[in-house]
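# no sequence for this one, just the structure:
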Ligand SMILES: O=C(O)c1[nH]c(=O)[nH]c(=O)c1Cl
């Protein structure tokens, strides 16, 4: 079976990545992913200009049907990650970056442009957990202005990480902005921002930052993730590929993401819960579904969701 995908001419022999933030903060974790046969490529934890400790713990909590997190962008800083992705790796790497302001974003991309890194970069426009910092991708004019400034100097392959949208007009608006730029991909969705879990027994929230508000992931966001992959596939230029992220727990979920138009698929919460073996299970389950349907490659059904 051909389970490959391509972004900007870079061949991912296997469709699976990690969702940025999960199992990707240290070089040891990144090596674990790269060395796993059922992983096709990796995304780093979003790097900020300087190293960050992030928000106070507890800042991640696992639920029956997913997760809630308010990590606050803990990472070892730009230099740590550029040094890692600059090395030659057997599989494609995506360097994720997140400024704490638009100016930071521009600075980070200037540094990447000046470096000898030739791989993929992903600008995270959707971190919901930096206190006082709104999610840039919910500001359409701001996103357009930022991307105009960036593409004036940035000549390397660039994609963006998007938050979920919940209104068809918002899909139209963000697609109208993104279609103006030579983006290699969009990665959708980031966590569903600012959910709240209440533990009835203790009558308390379960994470410390932001009074318990945090980004939602896992099975509970699958339907929102599929809607965002599908809506953006229907609206974005074909040249902009889609990395489907959000809610993947089974091979059927992976199949659904591809049907909606995903080129590649990321696993976040379920990787955190299950560990690297999740990729073997998902590969087995996806392969069985494809074989039962007589499909030999992802391109046999990618983007071919039927309507009724
Ligand atoms: O709190 C985080 O570090 C975080 N958490 C998320 O769920 N998405 C993000 O993009 C980031 Cl940057």
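Cool, the structure landed. Computed from a predicted structure; not experimentally measured.
# Tell me how far residue 1 lies from the ligand.
Distance from residue 1 to the ligand, counting by Cβ to the nearest ligand atom, to the nearest Å: 32 Å. Backbone N, C-alpha and C define where each C-beta goes, glycine included.
# repeat for residue 53
Counting by Cβ to the nearest ligand atom - residue 53 and the ligand are separated by 11 Å.
# Would you agree that residue is in contact with residue 74?
Yes - contact criterion Cβ atoms under 8 Å: residue 53 and residue 74 qualify, at 5.8 Å.
# okay, those two: which has more neighbours?
residue 74 (17 against 9; other Cβ atoms under 10 Å).
# Flag every residue of the protein that's near the ligand.
Contact residues, the chain versus the ligand (Cβ under 6 Å from any ligand atom): 21, 46, 69-73, 98, 124, 126-127, 129, 190-191, 215.
# can you rerun that using 8 Å?
By Cβ under 8 Å from any ligand atom, the residues of the chain that approach the ligand are 20-21, 45-46, 54-55, 59, 69-75, 98, 124, 126-130, 161, 190-191, 193, 214-215, 217.
# Looking at those, which are in helices?
Within the residues of the chain next to the ligand, no residue falls in helices by DSSP state H.
# Which members of the residues you listed are classed as buried?
Neighbour counting by 16 or more other Cβ atoms under 10 Å classes 20-21, 45-46, 54-55, 59, 69-75, 98, 124, 126-130, 161, 190-191, 193, 214-215, 217 among those as buried.
# For the stretch 51-200 of the chain, which residues score under the pLDDT cut-off?
Nowhere does the stretch 51-200 of the chain drop to pLDDT under 70.
# Would you map the helices across it?
Counting by DSSP state H, counting those that start in this stretch, the stretch 51-200 of the chain has helices at residues 78-86, 102-114, 140-151, 168-178.
# Next, format these as a markdown table and append mean neighbour count and distance to residue 208.
Converted to a markdown table, those look like this (neighbours: other Cβ atoms under 10 Å; distance: least, Cβ to Cβ, whole Å):
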| stretch | mean neighbour count | distance to residue 208 |
| --- | --- | --- |
| helix 78-86 | 19 | 26 |
| helix 102-114 | 17 | 25 |
| helix 140-151 | 17 | 29 |
| helix 168-178 | 17 | 31 |
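# In a markdown table, list these along with distance to residue 36.
Below are the helices of the stretch 51-200 of the chain laid out as a markdown table (distance: least, Cβ to Cβ, whole Å):
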| stretch | distance to residue 36 |
| --- | --- |
| helix 78-86 | 16 |
| helix 102-114 | 26 |
| helix 140-151 | 32 |
| helix 168-178 | 31 |
